[in-house]
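**Student:** any chance you could fold what I've pasted below:
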Amino acid sequence: MKGDYQDLVDEISALLGAPATLENRDFRLIAFGAHDSDDDLAMDPVRTRSILTRQSTADVRSWFEGFGIARATGPVRIPAAPEAGVFRGRICLPVRYRGIVQGYVWLLDQEPGRPGPGAAALDAAMEVAQRIGVLLAEEAKAGADLSREFLAVLTAGRGWQQDMAVAALRVALGAGGDGLHAAVCVTPWPGEAPASVPGAAAVCVVPRRVGSGPGSAGPGTGTGAGSGPDTAGEPALAVLLRLRSTDALTPALAAVARLLPRAAEATGTDAKGADGKGGGGKAAGGGAGATAVTTATATARGVTAGVADPVRGLADLPAAWEQAVAAARAAAAQPRLGPVAQWSAIGPYRMLASLAADPVDDPAARTLLTPANRELARTAEVFLDCAGQAGRAAAALGIHRQTLYYRLGRVEQLTGLDLDEGEDRLLLHMALKAARLT
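**Tutor:** So this is what the prediction gives:
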């Protein structure tokens, strides 16, 4: 397929009389035409770095995207900006497939005062760009074809089985397996995996749990590999997303934003939205309004997602999946974290989610966690969340301080714990938070 890209890039170069380069949507270089010009401006710092390192920096990407190339359906002319390392203006041909941008073809524009490519030539070049879009879309779809290898990594037990599964996925991914990735968990996920997810190296559905412990398909986030959502034995969508840098999780979060509506729409069509008037509207769309609808719908229908810390290579993928699952569980447990939670931002749930996934049954908290004492449990949790500061806790609960003291006394009676003791506070706080995960 690499040769196909090169042939198509050369075809565009011939049509427009200028060397062209092809990058994917993440600004990673795929193919480039020969540069035989003596013009020093033909290889400015931005173009040189793109070819030598096979990718552009995040700053360069943001600068070019500021000209609307991700939304454009035709050629976009971008002026020179020497201060940004762009000595010559660019012509960008968006590469799209079924309305979704797959990448970009770049050419150097002519200097001011000199005629550039005509409309007919640009139209012909856009037709070639459309053919490139088909190839890029097919390549993206191939990620879903790795579902078996990807699922094997996520459900294999520790030891040689996991090592073999990782090795098989690495072979299937080729050189891309050594790159930077983020694991994403979306749960519950009804039905089959989507045919393609932009930016994904692999996609699969982790089935509902059929047992517990290492090696079971979708157990809880215990110490074994093969972790999966546990609270209701729900299946989850697992996505392995390619990243450009460790501090650029934007592609992962954007992918989740597109996936949540699909899961929310298919999870109980009779569920009411946050406004109480019915479902969550259309899945697609952009802008703040669309995002708000997506968030409300996902929250109302219990759909959450977790994003793990980036990993390089595949050796740490099982651990990254556990992080993603834990973050998704935390988002379900604590609404302020969801519906999309990053592992790095879930605080104490990083530790709590790594504990046994069985329901909490500590003798001290057992009575407090019954439905009859729900208000007392909430009072205790808010009090402990406020670091034991009665004034803050009473204000957060909207009650008088004396009412707070009365409720805390009842909590001590039910649990046998002394809330003036640090270890007793720690035990109760952990039990209350862990109960949210079950």
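**Student:** need the helices for the stretch 151-300 of the chain, in chain order.
**Tutor:** With helices called from DSSP state H, counting those that start in this stretch, the stretch 151-300 of the chain shows them at 160-173, 250-266, 287-300.
**Student:** and these, which one averages the lowest pLDDT?
**Tutor:** Lowest mean pLDDT of the helices of the stretch 151-300 of the chain: helix 287-300, a mean of 45.
**Student:** pairing partners for whichever helix or strand comes after it, with directions?
**Tutor:** Using DSSP states H and E, the helix or strand that follows helix 287-300 towards the C-terminus is strand 304-307. Looking at strand 304-307 with DSSP bridges, its partner strands are strand 180-187 (antiparallel), strand 340-342 (parallel).
**Student:** of those strands, which stretch is the most buried?
**Tutor:** Comparing the strands paired with strand 304-307 by mean neighbour count (mean count of other CB atoms under 10 Å), strand 180-187 ranks first with a mean of 27. (Glycine included, C-beta is placed from N, CA and C.)
**Student:** which residues touch the spatially most central residue of the chain?
**Tutor:** Nearest residue to the geometric centre of the chain (CA atoms, centre = their mean): residue 252, 2.9 Å. Applying CB atoms under 8 Å, 6 or more residues apart in numbering, we find residue 252 in contact with 182, 184, 199, 241, 243, 307.
**Student:** and those, which is the shakiest by pLDDT?
**Tutor:** Within these, pLDDT is lowest for residue 199, at 77.
**Student:** count the residues that sit near that residue.
**Tutor:** Neighbour count for residue 199, taken as other CB atoms under 10 Å: 21.
**Student:** isn't it up against residue 255?
**Tutor:** Yes. Using CB atoms under 8 Å, residue 199 is in contact with residue 255, at 5.9 Å.
**Student:** per-residue confidence averaged over the longest helix belonging to the chain?
**Tutor:** As assigned by DSSP state H, the longest helix anywhere in the chain is helix 119-141. Helix 119-141 carries an average pLDDT of 88.
**Student:** who does that helix touch, helix- and strand-wise?
**Tutor:** helix 2-16, strand 90-97, strand 100-108 (3 or more CB pairs under 8 Å, 6 or more residues apart in numbering; DSSP states H and E).
**Student:** quick one: the first one to strand 90-97, angle?
**Tutor:** For helix 2-16 and strand 90-97, the angle between their directions (axes from the mean of the first three to the mean of the last three CA atoms, to 10 degrees) works out to 130 degrees.
**Student:** buried set for helix 2-16?
**Tutor:** Across helix 2-16, burial judged by 16 or more other CB atoms under 10 Å covers 5, 8-13, 15-16.
**Student:** of those residues, closest to residue 412?
**Tutor:** Closest approach between the buried residues of helix 2-16 and residue 412, by CB to CB: residue 5, at 69.3 Å.
**Student:** spit out the contact partners of the closest one.
**Tutor:** Residue 5 sits in contact with 22, 30-31, 132, 135, where contact means CB under 8 Å, 6+ apart.
**Student:** relative to residue 194, how far out is it?
**Tutor:** If you measure residue 5 against residue 194 using CB to CB, to the nearest Å, the figure is 24 Å.
**Student:** compute the first-to-last residue distance for stretch 169-182.
**Tutor:** One end of stretch 169-182 to the other measures 15 Å (CA to CA, to the nearest Å).
**Student:** any residues touching that stretch, and which ones?
**Tutor:** The contact list for stretch 169-182 (CB under 8 Å, 6+ apart) reads 146, 149-150, 152-153, 201-202, 240-246, 249, 252, 307-314, 317, 320.
**Student:** export the strands paired with strand 304-307 to TSV and tack on distance to residue 418?
**Tutor:** Shown next, in TSV, are the strands paired with strand 304-307 (distance: least, CB to CB, whole Å):
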stretch	distance to residue 418
strand 180-187	38
strand 340-342	33
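**Student:** so which of these gets nearest residue 123?
**Tutor:** Here strand 180-187 is closest among those (CB to CB), at 37.4 Å.
**Student:** and that closest one with helix 160-173, angle?
**Tutor:** Using the same axes, to 10 degrees: strand 180-187 against helix 160-173 is 110 degrees.
**Student:** what is the burial count for residue 172?
**Tutor:** Applying other CB under 10 Å, we find 18 residues neighbouring residue 172.
**Student:** assign residue 30 to helix, strand or coil.
**Tutor:** strand (DSSP: H, G, I helix; E, B strand; the rest coil).
**Student:** measure it to residue 185 for me?
**Tutor:** For residue 30, the distance to residue 185 (CB to CB) stands at 29 Å.
**Student:** circling back: may I ask which two of the contacts of residue 252 are separated the most?
**Tutor:** Taking CB to CB as the measure, the contacts of residue 252 span a maximum distance of 12.8 Å, between 199 and 307.
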